[in-house]
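>>> predicted model, plus sequence, below.
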Amino acid sequence: MENVLYIGNNLNNKVSNLSGIQTLGSLFESEGFCVYYASSKSNKLLRLLDMAWTCIKLSRKIDIVLIDTYSTQNFYYALLISQLCRILNVNYIPILHGGNLASRLKNNPYLSRLIFKNAKRNVSPSMFLKQIFEDAGYNDITHIPNTIKIDDYNFATRVYEAPKLLWVRSFSKIYNPELAIHVLHKLSESYPNASLCMVGPDADGSQKSVESLAMKLNLKVKFTGKLEKKEWIDLSKDYNVFINTTNFDNMPVSVIEAMALGLPVVSTNVGGLPYLIDNDVDGILVAPNEPEQMTTAIISVINNFEKREKLIKSARNKVEKFDWKQVKQVWFKALDLNSC
């Protein structure tokens, strides 16, 4: 049995969605790896201390440390744990999740080199960040896409009489949830029965302003709060277009899941999205923070049967390649480890 320590925000509360540590970690366990985790502490300082202590405590037992690496404050978790791994002579692999890591490479070049130049290798879920890092002089970047178990996502047929929008994300300013409200408002001019469901936890207090905007515009929007994956997948059967409104992004799993479910995706053209979606082939990309463009794109999906069917089928074909049965082989090679 191979021993893996997975460092990341292993939180399970009302203000956080499932993270990479919770999804990928369980997949490794299903392959026979012994996976240790840090940390589930809510307090940021205690979380960091728990990460460090777990790393020290298990340093002689573990074969590799995986570090979920983001571009915001969690960047410093990756910095400190990676340097601790170097001191302890333990190999580590940063997993590049932060959609704005390009800014870290530019604004913190020395700290970035400490993390990424000394890693066993760096894993990027998106071709977007792989390209960013290679342009910055990092040549040891392995692309391993975010993965799903495709059999968990039933490809459903939907009715398209009016737009029924589904939005699945944390309520956070970087994901621009207010754009979804503005889009619904414009759609309601042509489709009085248009609807919107917003699924996700309130990460930074943004949900209150979104609810206020919906009330001000006299729009009925369904807010479910955080749902378990199976719950929102079941809910998705009642909706016919998936919208992604973010201003920064990498390779969002929720978009991959929507593509697997047969929901046509209309997304902002930012970060890693154009590396995931081929515009007008398996989804539609529009400029960020442009409700008029997103509205027009959604109407084109509703009104054009042939275009819609092409988008839906092409998207499903693409994400079938992200199935764990295929992706795990790339992970095994990157880890240089063997499952049981």
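The structure has been received and is ready for your questions. Residues are numbered from 1 along each chain as shown.
>>> so where's the stretch 201-340 of the chain shaky on pLDDT?
Filtered on pLDDT under 70, the stretch 201-340 of the chain yields the residue ranges 337-340.
>>> could you pull out the strands for it?
Counting by DSSP state E, counting those that start in this stretch, the stretch 201-340 of the chain has these strands, from start to end: 221-225, 241-244, 265-268, 284-286.
>>> out of these, nearest to Pro163?
Between Pro163 and the strands of the stretch 201-340 of the chain, the shortest gap by C-beta to C-beta is with strand 241-244, which sits at 5.7 Å. Placement of C-beta: from N, CA and C, glycine included.
>>> how about residues contacting that closest one?
163-169, 180, 183, 236, 252, 254-255, 258, 263-268, 273, 294, 298, 301-302 (C-beta atoms under 8 Å, 6 or more residues apart in numbering).
>>> before we move on, back to that, out of the strands of the stretch 201-340 of the chain, deepest packed?
Each of these was scored by mean neighbour count; the highest is strand 241-244, a mean of 27, by mean count of other C-beta atoms under 10 Å.
>>> run the chain-centre distance for stretch 73-81.
Between the centre of stretch 73-81 and the centre of its chain there are 19 Å (C-alpha atoms, centre = their mean, to the nearest Å).
>>> buried residues, it. List them.
Asn74, Phe75, Tyr77, Ala78, Leu79, Ile81 (16 or more other C-beta atoms under 10 Å).
>>> pLDDT, secondary structure and distance to Arg104 added to those residues, as TSV?
Formatted as TSV, the buried residues of stretch 73-81 follow (pLDDT from 0 to 100; DSSP: H, G, I helix; E, B strand; the rest coil; distance: C-beta to C-beta, whole Å):
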residue	pLDDT	secondary structure	distance to Arg104
Asn74	88	helix	11
Phe75	94	helix	6
Tyr77	95	helix	13
Ala78	97	helix	10
Leu79	97	helix	10
Ile81	97	helix	16
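>>> what about Asn193, which SS state?
coil (DSSP: H, G, I helix; E, B strand; the rest coil).
>>> contacting residues around it?
Residues Glu161, Ala162 are the ones in contact with Asn193 under the rule C-beta under 8 Å, 6+ apart.
>>> cutoff 7 Å now
If you count contacts by C-beta atoms under 7 Å, 6 or more residues apart in numbering, Asn193 has them with Ala162.
>>> from Glu161, how far out is it?
From Asn193 across to Glu161, the span is 8 Å (C-beta to C-beta, to the nearest Å).
>>> shared neighbours of the two, anything?
Common contact partners of Asn193 and Glu161 (C-beta under 7 Å, 6+ apart): none.
>>> and the strands of the stretch 201-340 of the chain: which comes nearest Val65?
Of all the strands of the stretch 201-340 of the chain, it is strand 241-244 that lies closest to Val65, at 31.5 Å by C-beta to C-beta.
>>> circling back to that earlier point, closest to Thr246 among the buried residues of stretch 73-81?
Taking C-beta to C-beta as the measure, Thr246 lies nearest Asn74 of the buried residues of stretch 73-81, at 17.7 Å.
>>> give me the nearest residue to Val4, chain neighbours excluded.
Val35 (4.9 Å; C-beta to C-beta, 6 or more residues apart in numbering).
>>> which residues outside the strand or helix carrying that neighbour are in contact with it?
Applying DSSP states H and E as the criterion places Val35 in strand 34-38. The list of residues contacting strand 34-38 from outside it, by C-beta under 7 Å, 6+ apart, reads 1-7, 10, 21, 25, 28-29, 50-51, 54, 58, 62.
>>> let's see it at 10 Å
Contact with strand 34-38 is made by 1-10, 21-22, 24-29, 47-55, 57-58, 61-63, 65-66, 77, 81, 340, as judged by C-beta atoms under 10 Å, 6 or more residues apart in numbering.
>>> buried subset of the residues you listed?
Neighbour counting over the contacts of strand 34-38 (16+ other C-beta under 10 Å) leaves 2, 4-10, 21-22, 24-25, 27-28, 47-48, 50-52, 54-55, 58, 62-63, 65-66, 77, 81 as the buried ones.
>>> near Ser206, how many other residues are there?
As a burial measure, the neighbour count of Ser206 was computed by other C-beta atoms under 10 Å and equals 18.
>>> re earlier: got the buried residues for the strand holding Val35?
Neighbour-count burial for strand 34-38, with 16+ other C-beta under 10 Å as criterion, is recorded at Val35, Tyr36, Tyr37, Ala38.
>>> partner strands of that strand, parallel or antiparallel?
Partner strands and pairing direction for strand 34-38 (DSSP bridges) are strand 3-7 (parallel).
>>> can I get the partner strand in CSV? Just the C-alpha atoms.
Extracted in CSV, the C-alpha atoms of strand 3-7 (Å, rounded to 0.1, in the frame of the first residue of the first chain):
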residue,chain,number,x,y,z
ASN,A,3,1.0,6.2,1.6
VAL,A,4,-0.1,9.7,0.4
LEU,A,5,-0.5,12.8,2.5
TYR,A,6,-3.0,15.2,0.9
ILE,A,7,-2.7,18.8,2.0
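>>> could you point out the helix or strand that follows it?
Under the assignment DSSP H and E, the closest C-terminal helix or strand after strand 3-7 is helix 20-30.
>>> quick one: that following helix to strand 3-7, angle?
Here the directions of helix 20-30 and strand 3-7 differ by 170 degrees (axes from the mean of the first three to the mean of the last three C-alpha atoms, to 10 degrees).
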